[in-house]
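Student: Kindly generate the corresponding structure for this input.
(chains A and B)
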Amino acid sequence: MDFESPEVMKDFPGLYVSDTNKKGNNDSDYSDDVDRVTKKDLLMGKRKDKKDKKDKERGYAALEGESSPDESCDAKSPSKTKKSKSFKFSSKSKEKREKSRDKDATIDNKKKDKEKKSDKKSDRDKKTEKKERKVKYADDCPDIADKLPIFGVSLDLAIERSRCHDGIDIPYPVRACINYLQTFGYNFEGVYKVTGSKSKAIQIKKMFNNRELVNLNDYDVPTVTSLLKLYLRDMPDSILTNELSIRFEEAGAILNIGTREKHLKILVENLPFQNKLLLSWLLLHFDYIICNERLNKTSIQNLVTTMSPVLHAIVKPYVPPLTSASELPLETELIEEELRKQESLLSQIHMEIHSGFISKSREELMWEVQRIITQLKRTYKNVQKDKDQLSEKSNDDKVVQPATDSEEKATTTEKGEFEESKSLEENNTMEIPAEVVANTASEPQQSEIKEEVQPRPQLRDIDESDEFTSLNNAITLLQVKNNSLLQLKEKLRKAIETEKNEIHILSKQVKAITEPTSYNVCNIGGTSTNLDEIMDLLSKENQILQIKKINLVRYIMEQQEICIDIKARLHLIGLETLK
Amino acid sequence: MAQCGGVRVHQNQFIMSKKPTVQPALHKVIMVGSGGVGKSALTLQFMYDEFVEDYEPTKADSYRKKILLDGEDVQIDILDTAGQEDYAAIRDHYFRSGEGFLCIFSITEDESFQATQEFREQILRVKNDENIPFLLVGNKCDLEDKRKVSFQEASERARQWGVPYVETSAKTREHVDKVFFDLMREIRARKMEENKANNGRGKDRKKKSIKSFLFCYKH
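Tutor: Numbering: from 1, shown residues only, chains lettered A, B, ... in the order given. Just a heads-up that it's a prediction; the model follows:
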């Protein structure tokens, strides 16, 4: 544990106290330890690891024997605690729960609970229970694992929900695993390679999710490595982030080691802080494992091979975009996925071209990818059309809609303001467009009637006016929207103008500058390879920034559209209330 | 391939023996013009004989079709660009690789006709070539009653530019094939000229070194 050990000891008092305690216990009695594990195994119907466990525990004992027998009275069975799951504590906040182990009252309650239950258990269980000083808390409220899980959520959430309270923002389960493996894993033969019990790993995961206190020392090295893999595999987003993972792959494929390293460094710098932190901890840990290859027989190749399933889950298994020769998918989801890939590839090509890397083959590729995209879009549309034809009724309705729309518009104006306002009063719904859609989509028959209504208005007077109101409202809404969109367009056009001017000015400046510098470059000459590399780096960096920019711009546009939508609705509501 | 100066027929045979199927000549055509003038409609009519009524702004679309041009098998690559200014940056990239341009406006919309001037300038700026194969196309000629741009006016502009002017209707398919075929003939003629002009190819060597340098970006 050369790695952060003093701090860590401080940071996880609970963990380490129990660790050392247990170790002490191990010293005195292995079989107890084994029994304890077995009990848990019994619950899960598994006892396979018994022997391994024993060996392992012995190993720990030899490593750091230190006993604190006075605490043994606090012995608790993890399985027990789980069962004794007391709703009493369910109201406690997470932090409280975490600290609750310091509270004697709580412990006493638990103990009582446990002892009551243990009476019913077998003798052996009883025996273990006494000796066990493993601290596990069952103060989980039944829902927390479901509502606020730690596994399988984004890194931010995982950190928020299982913070390491020393300011190092790594999800606690990962931290605990790394801590454990730094201590016991480094000399374990085939660490990471030997797979642990899956069900145990899942059980520990549940315990983490339940905010139970987990003592990893109860488990063997393979189980803990499995747990760590499980956590990483469960992460919804790649640790390298979905946006950058492709770039990482690209950078990883660069042959020149120096360039590759530089590219990777830039990419790492672009990772969100938390991802960077987690990555650095994992890599330091892996490095430590590899450094002890002599003891654990795990070379870097071994580690890479054995971790590859997990790492592939981190960096999603990568299927490169199809080339035109290969068959394009026909299912909507596959098309969507492929379309996304192709579009990302295309934007990358555009960016490369934009930054001046123009070559025949690149342009060729640009056309080709564009063609695939077009083809994909066409197939997608056709597939959608086919789907629509299945639900033919609603489709027919949509065709009918625009015609009736204009017709009715005409009639409403004829009927005059009076009836309009009257019908407005009758219809107070705020969600006008939704209503229109609902009317058209779910009641095809009614809209057919709507068409027939025109020639004989007396029969369907009320219905008609209702339709008028909603359509009228929809029209005003669209008008308002249209206005604000036009305004937005004007604004954007002006912005574009100013940008253009800016570009003009800048390009003039560039022209003025490039002439003298080209002279300079000639002088330097020898360091041109160096400059090429810098160029590489800068262009990569620029590309990343470009992507970010494009995403932001897109986001802003979306938000603006939403704003307009809301404004239009507000406007309409305002009109209605006035009337 | 070093000795490619002399007899063209001979060279062709050489390729034939190597590859059973000769790659047909490929002509790259780009559709430009303001939004809503019917670039996509013309393209789709030419490609698939279909007329799409509903308007959906294009970002960029690309198509390839095998056709018989004056008895010769050729492939045409059509790039349908965005009329909207939003995609102007991407447009530049395509313009650079285009070999011929159909500059389209709607005869029912004067603004779109005025815009052709700007497109022409942009193309000339990117291609840096006054004689680039180029056709001025007045679309929607089926809507004669809504005409805003007279035939004379458009022909005059085309004459100034030294390009042909054709009126089309994507709806009725009038002159749709004509514009594409005319343009392809121009491109073909242009390529022949160029082939004659630079028979000694020293350029490719230089490009290759750049390519290999760039290769690390590809995956």
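
Student: How much space separates B:Ser155 from chain A?
Tutor: Per CB to the nearest CB, to the nearest Å, B:Ser155 is found 31 Å from chain A. The way it works is simple: take the backbone N, C-alpha and C, and place the C-beta from them, glycine included.

Student: no no, B:Ser112
Tutor: As judged by CB to the nearest CB, B:Ser112 and chain A stand 16 Å apart.

Student: Report how many residues lie close to that residue.
Tutor: 24 (other CB atoms under 10 Å in any protein chain shown).

Student: what about chain A, any weak spots by pLDDT?
Tutor: For chain A, applying pLDDT under 70 flags the ranges A:1-143, A:308-319, A:324-326, A:392-468, A:515-528.

Student: Give me every residue in it lying close to chain B.
Tutor: A:249-250, A:253-256, A:259, A:320, A:350, A:352-354, A:357-364, A:366-368, A:370-371, A:373-374, A:377, A:493, A:496, A:532 (CB under 8 Å from any CB of the partner chain).

Student: where exactly do the strands run in chain B?
Tutor: Along chain B, counting by DSSP state E, strands occupy B:25-32, B:60-69, B:72-81, B:100-106, B:134-139, B:165-167.

Student: Deepest in the core, which of these is it.
Tutor: Greatest average neighbour count among the strands of chain B goes to strand B:134-139 (a mean of 28), per mean count of other CB atoms under 10 Å in any protein chain shown.

Student: Any chance of a PyMOL selection covering the buried ones in the residues of chain A next to chain B?
Tutor: To isolate the buried ones among the residues of chain A next to chain B in PyMOL, judged by 16 or more other CB atoms under 10 Å in any protein chain shown, type:
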select buried, chain A and resi 250+254+259+350+352+353+354+357+358+359+362+363+366+367+368+370+371+373+374+377
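
Student: Among the residues of chain A next to chain B, which ones are in helices?
Tutor: Filtering the residues of chain A next to chain B for membership in helices, criterion DSSP state H, returns A:249-250, A:259, A:350, A:352-354, A:360-364, A:366-368, A:370-371, A:373-374, A:377, A:493, A:496, A:532.

Student: and of the strands of chain B, who's closest to A:Ser226?
Tutor: strand B:60-69 (47.8 Å; CB to CB).

Student: Just list what the closest one packs against, helices and strands only.
Tutor: helix A:360-390, helix B:39-48, strand B:72-81, helix B:88-97, helix B:176-197 (3 or more CB pairs under 8 Å, 6 or more residues apart in numbering or on different chains; DSSP states H and E).

Student: Give me the pLDDT for the spatially most central residue of chain B.
Tutor: Nearest residue to the geometric centre of chain B (CA atoms, centre = their mean): B:Val29, 2.0 Å. Looking at B:Val29, its pLDDT stands at 95.

Student: give me the beta-bridge partners of it?
Tutor: B:Ile78, B:Gly100 (DSSP bridges).

Student: List the residues that contact it.
Tutor: By CB atoms under 8 Å, 6 or more residues apart in numbering or on different chains, the residues touching B:Val29 are B:76-79, B:98-102, B:180, B:183-184, B:187.

Student: quick one: it from chain A, how far?
Tutor: From B:Val29 across to chain A, the span is 11 Å (CB to the nearest CB).

Student: rewinding a little: please identify the most buried of the helices and strands packed on strand B:60-69.
Tutor: Of all the helices and strands packed on strand B:60-69, helix B:39-48 has the most neighbours on average by mean count of other CB under 10 Å, namely a mean of 22.

Student: A:Pro171 is nearest to which of the strands of chain B?
Tutor: strand B:60-69 (42.5 Å).

Student: That closest one versus helix B:39-48: what angle between them?
Tutor: Strand B:60-69 and helix B:39-48 are oriented at 40 degrees to each other (axes from the mean of the first three to the mean of the last three CA atoms, to 10 degrees).

Student: What strands line up against strand B:60-69, and which way round?
Tutor: Sheet partners by DSSP bridges: for strand B:60-69, these are strand B:72-81 (antiparallel).

Student: Which residues does the strand it pairs with contact?
Tutor: Residues outside strand B:72-81 that contact it (CB under 8 Å, 6+ apart) are A:367, A:370-371, A:374, B:24-32, B:39-40, B:43, B:46-47, B:58, B:60-68, B:87, B:91, B:94, B:98, B:180, B:184, B:188.

Student: run the last query once more with 7 Å
Tutor: Contacts with strand B:72-81, where a contact means CB atoms under 7 Å, 6 or more residues apart in numbering or on different chains, come from A:367, A:370, B:24-32, B:39-40, B:43, B:58, B:60-67, B:91, B:94, B:98, B:180, B:184.

Student: Let's see it as CSV, backbone CA atoms only.
Tutor: The C-alpha coordinates for strand B:72-81 follow below in CSV (Å, rounded to 0.1, in the frame of the first residue of the first chain):
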residue,chain,number,x,y,z
GLU,B,72,-20.6,5.5,-73.2
ASP,B,73,-21.1,4.0,-69.7
VAL,B,74,-20.5,6.7,-67.2
GLN,B,75,-21.3,7.3,-63.5
ILE,B,76,-22.7,10.5,-62.3
ASP,B,77,-22.3,11.6,-58.7
ILE,B,78,-24.8,14.2,-57.8
LEU,B,79,-24.4,16.3,-54.7
ASP,B,80,-27.5,18.1,-53.6
THR,B,81,-26.5,20.9,-51.3
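
Student: what about it, distance to the chain center?
Tutor: Distance, stretch centre to chain centre, for strand B:72-81: 8 Å (CA atoms, centre = their mean, to the nearest Å).

Student: could you give the angle of it to strand B:25-32?
Tutor: Angle, strand B:72-81 to strand B:25-32, by the same axes, to 10 degrees: 30 degrees.
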